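A.B. asks: I would like to see how this sequence folds:
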Amino acid sequence: MFDFDELLKNSISKFRIEEQKSNLPVNPNNRLKKAYINLDISLSKLASDSKRFSILNFTKLDVSPDDYKKNILEDFSKSMNLFLLVANLKNWNHLIHISNDEQNRIFSNKSDSDFSNVYIVIKKMLFNSLSSHNEKDFLYAWKIFNKFGIVDLNLKINDVIEEVKRINKNI
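C.D. replies: The predicted structure is shown next:
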């Protein structure tokens, strides 16, 4: 199971270190919006790289199955890192922790056949959480996102944990 508290701690620590190293002035009023925008872009990259959302027939998998899985793992893990950042910036760290029982319940669900609906729900709930400051919307997006990665995309929890750790070492 995920130790979300540990992932959150490491992710935010690395973000703060990189933020201090940066030569760019940080506008605290703009930081949250930029984090949401980066999360939105990251989720879009995940959707695009998954090749599961194309309406055009000529979209083909132009990478090997191993590279495909690696790309999806990296995209998902980067998005997870940004979810952690947004939660921290909103002071919603308590929403990140999902108990082992709840994780078991989420990850025992069947895979959704309509990925488009899942993706749109995640994005809708995220933007609702920004505009209406609604914790429930963020929590719902977070849980659906985790289910999407582990169940729908068939990623392994330990692989995601290791990838998030790798990303945070290389920031």
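
A.B. asks: C-alpha only now, for contacts and for neighbours.
C.D. replies: Fine.

A.B. asks: what about the helices in the protein?
C.D. replies: Assignment of helices within the chain using DSSP state H yields the ranges 4-21, 28-50, 65-89, 93-96, 100-107, 115-131, 135-147, 157-169.

A.B. asks: any idea how far Gly149 lies from Ser22?
C.D. replies: If you measure Gly149 against Ser22 using Cα to Cα, to the nearest Å, the figure is 31 Å.

A.B. asks: Among the two, which residue is more densely surrounded?
C.D. replies: Neighbours were tallied for Gly149 and for Ser22 using other Cα atoms under 10 Å; the higher tally belongs to Gly149 (20 against 10).

A.B. asks: The more buried one - nearest residue in space that isn't next to it in sequence?
C.D. replies: Once flanking residues are discounted, Gly149 sits nearest to Leu155: 5.8 Å by Cα to Cα, 6 or more residues apart in numbering.

A.B. asks: these two touch, right, the one you found and Glu74?
C.D. replies: No - Leu155 lies out of contact with Glu74 (Cα atoms under 8 Å); the separation is 10.5 Å.

A.B. asks: what is in contact with those two at once?
C.D. replies: Common contact partners of Leu155 and Glu74 (Cα atoms under 8 Å, 6 or more residues apart in numbering): none.

A.B. asks: returning to what we had before: backbone phi and psi for the residue nearest to Gly149, please?
C.D. replies: According to degrees, to the nearest 10, the main-chain angles of Leu155 amount to phi -80, psi 150.

A.B. asks: that older thread, can you redo the helices of the chain as JSON lines with mean pLDDT?
C.D. replies: Conversion of the helices of the chain to JSON lines gives the following (pLDDT from 0 to 100):
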{"stretch": "helix 4-21", "mean pLDDT": "91"}
{"stretch": "helix 28-50", "mean pLDDT": "93"}
{"stretch": "helix 65-89", "mean pLDDT": "96"}
{"stretch": "helix 93-96", "mean pLDDT": "97"}
{"stretch": "helix 100-107", "mean pLDDT": "98"}
{"stretch": "helix 115-131", "mean pLDDT": "96"}
{"stretch": "helix 135-147", "mean pLDDT": "98"}
{"stretch": "helix 157-169", "mean pLDDT": "96"}
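
A.B. asks: Any chance of JSON lines for the ones you listed, columns mean neighbour count?
C.D. replies: Supplementary listing: these in JSON lines, determined by neighbours: other Cα atoms under 10 Å:
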{"stretch": "helix 4-21", "mean neighbour count": "15"}
{"stretch": "helix 28-50", "mean neighbour count": "16"}
{"stretch": "helix 65-89", "mean neighbour count": "20"}
{"stretch": "helix 93-96", "mean neighbour count": "16"}
{"stretch": "helix 100-107", "mean neighbour count": "14"}
{"stretch": "helix 115-131", "mean neighbour count": "17"}
{"stretch": "helix 135-147", "mean neighbour count": "20"}
{"stretch": "helix 157-169", "mean neighbour count": "16"}
